[in-house]
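**Student:** Predicted coordinates and the sequence they were generated for:
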There are 2 protein chains.
Amino acid sequence: MTVRTADRTLDIFENFAHRQRPITVADLARELSLPTSTCFALVRTLVDRGFLYYLRPRGAFYPTRRLGWVAEAIGHHVPIAQNVRPLLEALRDATGETVILGKLQGQGVIYLEIIESRLAIRYTMTVGAVRELHASSIGKAIVAAMDEEPRERLLAKLKYPKLTEHTIRNRAQYMKSLDEGRKRGYWTNVGESSPDVMGVALSVRIFGDLYGINLVGPQSRFDRHLKSYVDALKATVRKVGAVRMALCSD
Amino acid sequence: MTVRTADRTLDIFENFAHRQRPITVADLARELSLPTSTCFALVRTLVDRGFLYYLRPRGAFYPTRRLGWVAEAIGHHVPIAQNVRPLLEALRDATGETVILGKLQGQGVIYLEIIESRLAIRYTMTVGAVRELHASSIGKAIVAAMDEEPRERLLAKLKYPKLTEHTIRNRAQYMKSLDEGRKRGYWTNVGESSPDVMGVALSVRIFGDLYGINLVGPQSRFDRHLKSYVDALKATVRKVGAVRMALCSD
DNA sequence: GATAGGAATTCCTATATATGAATTAAGATC
DNA sequence: GATCTTAATTCATATATAGGAATTCCTATC
């Protein structure tokens, strides 16, 4: 179903991202629960490719800057990064809250851009994280905007696992929540994925594809500022929807 | 000897770094000369992990910012990056030429830091690249600084493949070149790896390990400025050698 | 300088994976 | 709207790989 070695390759880099210092083969094997020989072969491959280097022969190793170089080359040309990100940053600055750009991915929502709040109490999440569709404001906004028949196919597969006391647990509740969003003009997640966390979301088409944008943060702040947050979100979505493909020839 | 799937995982990211736009499974499989099904499984894994995302279902995909996030987390804490890089940048600014920090890796030299010249005609190379030991000024500086017996072991394994008209082709010539360097106080590579490219290098110990630093560029400029280049390099090496472990507890 | 302990590295084979072929789905064309 | 084309996805099996055990190589300690 999934390629083990690829997973492990990513594990290695993510492990370095956490530890942030050199490590030996034996220790890395322990940390990742791998047989030493397996870990050794993997490390050798990454060293051969210039992604890791030994500080001394047979000693500890660390990533070179090559991964950073590759990531930079990739990142600078994402159409979304160029055109949409600045607008999301403006929204973060206007509201002070964390802003997320998400997209349907299988039966979840993947977080593509996260512009973090600068406030002490804030919502924090990793880029690339995939969250439950039924407990996400972005998810609701996107599902509400989908065509009848792909939505049907999607909903047929949805489970509604309990994440908090307020998690939506079945399709009827979910449809009701979507409808409330339609009437209200925006979709919410009030403590449905984590306690005290609230999000408000809208969907938007970018280059023909469907995305969701939300504001997330502590429920208390959202209670106080809801109206202005929603207005700011709506304004942003209008601007994002107006972005044209000018810069993205192919 | 090397793990195929890990290689392919890196291939995918490097491929995106070159192409810089979304691609479908079939096209990626073609580009990497993989069976579609193999490519598909790999992509699914990377998507599951949040490193790739589909712009639309069954359509083209592109890396998320997760790789960038990981690379950033890794990069900011390399002891060398923190302590040594600024000194190398100063050397680049003082001379105008490309500055490289390298290290022995197997029977080659791996490029760990590359501070590129800003001049129109410059030496350009990718971080993580591994170059031939016998045709590298950094290589000579490092080998010259090694202890007798590890050096013997290393030299016993060295081949001397021809890269240009001036490449050193055997051990005798190599030893002679090392000796000239010792007398002169610095080591050189004059068109031995690529035509018209010249480098001057010194070795330096950082946190107890052996590295090499060089200046590389077009031979014509080096002919004109050799003395000042070498002086600047020596001054930099002095400063780098004085860097202490203060910031690198473990 | 010898010895011991621990790690890196190699080696062999059970096992997981890669892949060619088959199937299903989407989208283009008439 | 039906047919055709192309691509995505699944599946069974030959094949490459993972991992336990053995070996070699360091390095710390006596």
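**Tutor:** Thanks, I have the structure now.
**Student:** For the closest residue to A:Gly102 other than its chain neighbours, what is the enclosing helix or strand?
**Tutor:** In space, and not counting its chain neighbours, A:Gly102 is closest to A:Ile138: 4.0 Å by C-beta to C-beta, 6 or more residues apart in numbering or on different chains. In short, each C-beta sits where N, CA and C put it, glycine included. Following DSSP states H and E, one finds A:Ile138 within helix A:137-145.
**Student:** and what of A:Asp231?
**Tutor:** helix A:219-242.
**Student:** Say whether chain B is contacted by that helix.
**Tutor:** No - Helix A:219-242 stays out of contact with chain B when judged by C-beta under 8 Å from any C-beta of the partner chain, the minimum separation being 15.6 Å.
**Student:** Would you mark the buried spots in that helix?
**Tutor:** Of the residues in helix A:219-242, A:Arg221, A:Phe222, A:His225, A:Tyr229, A:Val230, A:Ala232, A:Leu233, A:Thr236, A:Val237, A:Val240 count as buried by neighbour count, 16 or more other C-beta atoms under 10 Å in any protein chain shown.
**Student:** Buried residues in the lowest-mean-pLDDT helix or strand in chain A, which are they?
**Tutor:** Taking mean pLDDT, DSSP states H and E as the measure, chain A has helix A:79-83 as its least confident helix or strand, at a mean of 78. For helix A:79-83, burial by neighbour count (16+ other C-beta under 10 Å) applies to A:Pro79, A:Ile80, A:Ala81, A:Asn83.
**Student:** The second one contacts A:Glu113, correct?
**Tutor:** So that's A:Ile80. Yes - between A:Ile80 and A:Glu113 a contact is recorded at 6.9 Å, counting by C-beta atoms under 8 Å.
**Student:** Now for the two: what residues contact both?
**Tutor:** Listed as contacting both A:Ile80 and A:Glu113 by C-beta atoms under 8 Å, 6 or more residues apart in numbering or on different chains are A:Leu101.
**Student:** Name the spans of chain A whose pLDDT lies under the cut-off.
**Tutor:** Across chain A, the ranges flagged by pLDDT under 70 are A:77, A:244-250.
**Student:** same thing but at 50, please
**Tutor:** A:246-250 (pLDDT under 50).
**Student:** List the residues that contact the residue nearest in space to the middle of it.
**Tutor:** Nearest to the mean C-alpha position of chain A, by C-alpha atoms, centre = their mean, lies A:Tyr111 at 1.8 Å. When contacts are counted by C-beta under 8 Å, 6+ apart, A:Tyr111 touches A:Ile100, A:Leu101, A:Gly102, A:Met125, A:Thr126, A:Val127, A:Gly128, A:Ala129, A:Val130, A:Arg131, B:Gly50.
**Student:** Please pick the buried ones from these.
**Tutor:** A:Ile100, A:Leu101, A:Gly102, A:Val127, A:Gly128, A:Ala129, A:Val130, A:Arg131, B:Gly50.
**Student:** Name the nearest residue to A:Gly50, sequence neighbours excluded.
**Tutor:** Nearest non-adjacent residue to A:Gly50 (C-beta to C-beta, 6+ apart): B:Gly128, at 2.8 Å.
**Student:** Hmm, the one you found is touching A:Asp48, no?
**Tutor:** No - taking contacts as C-beta under 8 Å, B:Gly128 lies outside contact range of A:Asp48: 10.3 Å.
**Student:** can you give me the strands in chain A?
**Tutor:** A:52-54, A:61-63, A:98-105, A:108-115, A:130-132, A:187-190, A:197-206, A:209-218 (DSSP state E).
**Student:** Are the first one and DNA strand C in contact anywhere?
**Tutor:** No - applying C-beta under 7 Å from any atom of the strand, one finds strand A:52-54 out of contact with DNA strand C, separated by at least 8.0 Å.
**Student:** Same question for the third one.
**Tutor:** No - with C-beta under 7 Å from any atom of the strand as the criterion, DNA strand C is not reached by strand A:98-105; the gap is at least 13.7 Å.
**Student:** what residues does chain A put near DNA strand C?
**Tutor:** Proximity of chain A to DNA strand C, by C-beta under 7 Å from any atom of the strand, involves residues A:3-5, A:24-27, A:36-37, A:40-41, A:57-59.
**Student:** Quickly check those residues for the two that are furthest apart.
**Tutor:** Greatest spacing in the residues of chain A next to DNA strand C, by C-beta to C-beta: A:Val3 and A:Pro57 (30.9 Å).
**Student:** Which residue ranges make up each domain of chain A?
**Tutor:** Domains of chain A are assigned by automatic domain parsing as A:4-70, A:78-245.
**Student:** Now render those as a markdown table, adding distance to B:Thr95.
**Tutor:** Formatted as a markdown table, the domains of chain A follow (distance: least, C-beta to C-beta, whole Å):
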| stretch | distance to B:Thr95 |
| --- | --- |
| domain A:4-70 | 21 |
| domain A:78-245 | 35 |
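**Student:** So for B:Leu10, which of those sits nearest?
**Tutor:** Smallest distance to B:Leu10 across those (C-beta to C-beta): 5.5 Å, for domain A:4-70.
**Student:** Between its first and last residues, how far does the closest one reach?
**Tutor:** End-to-end span of domain A:4-70 (C-alpha to C-alpha, to the nearest Å): 22 Å.
**Student:** Need the phi and psi values for the residue lying farthest from the centre of chain A.
**Tutor:** Farthest-out residue of chain A from its mean C-alpha position, per C-alpha atoms, centre = their mean: A:Pro57, at 38.7 Å. Backbone geometry at A:Pro57, expressed as degrees, to the nearest 10, gives phi -50, psi 130.
**Student:** Nothing else from me, thank you.
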